[in-house]
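Visitor: Return atomic coordinates for the entry below.
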Amino acid sequence: MTDAPPVLTPEQRSALLAIARRAIRERARGAQDVTPAADDPVFHTPGAAFVTITRDGALRGCIGYVDPIKPLAEAVAQCAASAATADPRFPPVTPDDLPHLRVEVSVLSPLRVIPDPTEVEVGAHGLYISQAGRHGLLLPQVATQFGWDRETFLRQACLKAGLPGDAWKRGAEIQVFTVDHFTDDLPVE
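Guide: Residues are numbered from 1 along each chain as shown. As a prediction, this is how the structure comes out:
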């Protein structure tokens, strides 16, 4: 098992962003099926991915798969559609929102359990913390965006899981992953 996400070319990254934008547009306009047409063989291999949508720089939705249970293109399309309309933190995106939205795609490496929290590398690792049937995930760019140190990053992942902030010190399983994270300045519409 590799600790790195798949290596994508600039063209493949652009294609995945286009797939995400199309899925968001279609879902915002009422389509239920957002299955992409993808010719690249890389897009047919199972992949774990998250799609983040922002509006004017503020989070507008973020949904993903931590396990590679679907072909990468399909995972990106479904995550994008869900981030637009099924993230419980936000109302569904409307067609009027589309020109104001930007998309980010994060393709994940496999999760890896780490027994020692000092192994967490802020800015390089994402976190997946679980305990007692609860789990929380934070992408690596979140810690960088907020300027968190390792302990704050671990605490915030625990809180996202609905666990006490110090659960990482008290037996919660800590898993890390890396991402290939990319975006562009194109609006969804």
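Visitor: The nearest residue to D56 once chain neighbours are set aside and R89, how far apart?
Guide: Closest residue to D56 apart from its sequence neighbours, by Cβ to Cβ, 6 or more residues apart in numbering: H100 at 6.2 Å. Any C-beta I mention is one placed from the backbone N, CA and C, and that applies to glycine too. Counting by Cβ to Cβ, to the nearest Å, the gap from H100 to R89 is 18 Å.
Visitor: Counting neighbours around each, name which of the two comes out higher.
Guide: H100 (14 against 8; other Cβ atoms under 10 Å).
Visitor: Provide a list of residues in contact with that one.
Guide: 55-56, 187 (Cβ atoms under 8 Å, 6 or more residues apart in numbering).
Visitor: cutoff 10 Å now
Guide: 54-56, 60, 93, 187-189 (Cβ atoms under 10 Å, 6 or more residues apart in numbering).
Visitor: got it, and R170?
Guide: By Cβ under 10 Å, 6+ apart, the neighbours of R170 are 131, 158, 163-164.
Visitor: per-residue confidence at it?
Guide: At R170, the model reports a pLDDT of 94.
Visitor: Same question for M1.
Guide: 42.
Visitor: Ok, D39 next?
Guide: So D39 comes in at 84 (pLDDT).
Visitor: tell me the contacts of it?
Guide: Applying Cβ under 10 Å, 6+ apart, the residues contacting D39 are 15, 73.
Visitor: Output the longest strand belonging to this structure.
Guide: Using DSSP state E to define each element, the chain has its longest strand at strand 46-55.
Visitor: Any buried residues in it, and which?
Guide: 47-55 (16 or more other Cβ atoms under 10 Å).
Visitor: next one: stretch 163-176
Guide: In stretch 163-176, the ones that count as buried by 16+ other Cβ under 10 Å are 163, 167-168, 172, 174-176.
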